[in-house]
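**Q** please find the sequence and the predicted model below.
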Amino acid sequence: MSDTSSTPDTRTPAQIEADIRRRRETLAETLDEIGVRVHPKTIVGDARAKVVSSVDHSLGRAYVGVNRVVGDVKGQFVTDEGAPRLERIVPVALVVVGLVGLLAVGSRRRRR
């Protein structure tokens, strides 16, 4: 914009019209962009994208955490070479069999 208070406008009418046309086109583009940004479908799409991104991030972190725990548990029962560690597997298996046996005996007593 020119400052009309101190210097006279030296542009030709054609230059002024061209300037007005450019500003009108710029304003139209800006209004179109604002219209797209505030359109309900755009707002819903942006919100959906944020939720999906957040869920993907959370699931990714959960997967990494579970994978780490599984790896740690596996490391307790398998050597680095992949061989089973019987000194750890046998006691755990005996505890599991004992618990299953106790549950079976307890359920039989309840039926009678």
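**A** Sure thing, it's come through.
**Q** tell me where the model's unsure across the protein.
**A** 1-7, 112 (pLDDT under 70).
**Q** if we use 90, what do you get?
**A** 1-9, 37, 73-76, 79-82, 85, 88, 105-112 (pLDDT under 90).
**Q** what's the longest helix in it?
**A** helix 40-77 (DSSP state H).
**Q** how far away from the center of its chain is that one?
**A** Here the centre of helix 40-77 is set off from its chain's centre by 6 Å, with C-alpha atoms, centre = their mean, to the nearest Å.
**Q** same question, stretch 83-103
**A** 40 Å.
**Q** what of stretch 68-84?
**A** Using C-alpha atoms, centre = their mean, the offset of stretch 68-84 from its chain centre is 30 Å.
**Q** list the buried ones in that stretch?
**A** Buried residues in stretch 68-84, counted by 16 or more other C-beta atoms under 10 Å: none are found. Glycine gets a C-beta too; all of them are placed from N, C-alpha and C.
**Q** what's in contact with that stretch?
**A** 85, 88, 89, 92 (C-beta atoms under 8 Å, 6 or more residues apart in numbering).
**Q** got TSV for those, with neighbour count, secondary structure and distance to residue 73 too?
**A** Shown next, in TSV, are those (neighbours: other C-beta atoms under 10 Å; DSSP: H, G, I helix; E, B strand; the rest coil; distance: C-beta to C-beta, whole Å):
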residue	neighbour count	secondary structure	distance to residue 73
85	12	coil	12
88	12	helix	11
89	13	helix	12
92	11	helix	11
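**Q** nearest to residue 109 among the residues you listed?
**A** residue 92 (26.4 Å; C-beta to C-beta).
**Q** for that closest one, list the residues it contacts.
**A** Contacts of residue 92 (C-beta under 8 Å, 6+ apart): residue 77.
**Q** measure it to residue 86 for me?
**A** Counting by C-beta to C-beta, to the nearest Å, the separation of residue 92 from residue 86 is 11 Å.
**Q** swap in residue 12?
**A** 97 Å.
**Q** now residue 30: how far from residue 45?
**A** Counting by C-beta to C-beta - residue 30 and residue 45 are separated by 21 Å.
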